[in-house]
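[1] Sharing a sequence plus its predicted fold:
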Amino acid sequence: MGLFDGALGDVAGSLLGGKGGDAQELVGGLLKQFGGQGGSNNGLLAAAMALVQQMGGLDGLIAKFQAGGLGDVVQSWVGTGANAALSGAQLEQVIGRDTLAQVASQAGMAPAEASSGLAKLLPEVVNQLTPGGSVPANSGALLQSVLGMLGR
């Protein structure tokens, strides 16, 4: 884990109530899996985090998926079991074509590429930000810190 990953893990640990080791592993793993390879992955990770914030944080994102008929899917990401898959078409149905185009622009990629990438990334982002199967009370502060570290 690099210096950036360690710093992000430290912030996550403090924001998640001092559970430093677990939070460092969760957030560091997310960066390693999706953000540590440079290029469009970094932009997509930052855009995914910005999308979560734009939707009203984790609670707002969960509500948006529930209203879009995918409550069981999003709950699988929050819960401790396996994450249900999400397709690009389902993602577009929930967040809308305009929002998806905005995310694609932020990530510096075509909407179809962003849709596909976010459909793979978003379940893991939500999963990593909901340790123990529930949304932390201070998840908004964690999102702000992660976005700040990603330069967004």
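    It's in.
[2] Quick check: longest helix in the chain by residues?
    helix 111-129 (DSSP state H).
[3] Which neighbouring elements make contact with it?
    helix 20-30, helix 40-54, helix 57-67, helix 71-78, helix 88-95, helix 97-107, helix 139-149 (3 or more CB pairs under 8 Å, 6 or more residues apart in numbering; DSSP states H and E). C-beta: built from backbone N, CA, C; applies to glycine.
[4] Can you give me the buried ones in the second one?
    Judged by neighbour count using 16 or more other CB atoms under 10 Å, the buried positions of helix 40-54 are 41-53.
[5] any chance of those in a markdown table, plus pLDDT and distance to residue 89?
    Below are these laid out as a markdown table (pLDDT from 0 to 100; distance: CB to CB, whole Å):
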| residue | pLDDT | distance to residue 89 |
| --- | --- | --- |
| 41 | 56 | 22 |
| 42 | 64 | 25 |
| 43 | 75 | 22 |
| 44 | 79 | 18 |
| 45 | 79 | 22 |
| 46 | 77 | 23 |
| 47 | 81 | 19 |
| 48 | 83 | 17 |
| 49 | 81 | 22 |
| 50 | 81 | 22 |
| 51 | 86 | 17 |
| 52 | 86 | 20 |
| 53 | 84 | 24 |
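[6] The helices and strands packed on helix 111-129: lowest mean pLDDT?
    When the helices and strands packed on helix 111-129 are ranked by mean pLDDT, helix 20-30 comes last with a mean of 50.
[7] who's in contact with the residue lying closest to residue 77 once chain neighbours are set aside?
    With sequence-adjacent residues excluded and distances taken as CB to CB, 6 or more residues apart in numbering, residue 77 is closest to residue 126, at 4.0 Å. By CB atoms under 8 Å, 6 or more residues apart in numbering, the contact set of residue 126 is 52, 58, 61, 62, 74, 77, 78.
[8] contacting residues around the nearest residue to residue 113 once chain neighbours are set aside?
    Among residues not flanking residue 113 along the chain, residue 104 sits closest, at 7.2 Å (CB to CB, 6+ apart). Residues near residue 104 by CB under 8 Å, 6+ apart: 47, 110, 111, 113, 114, 115.
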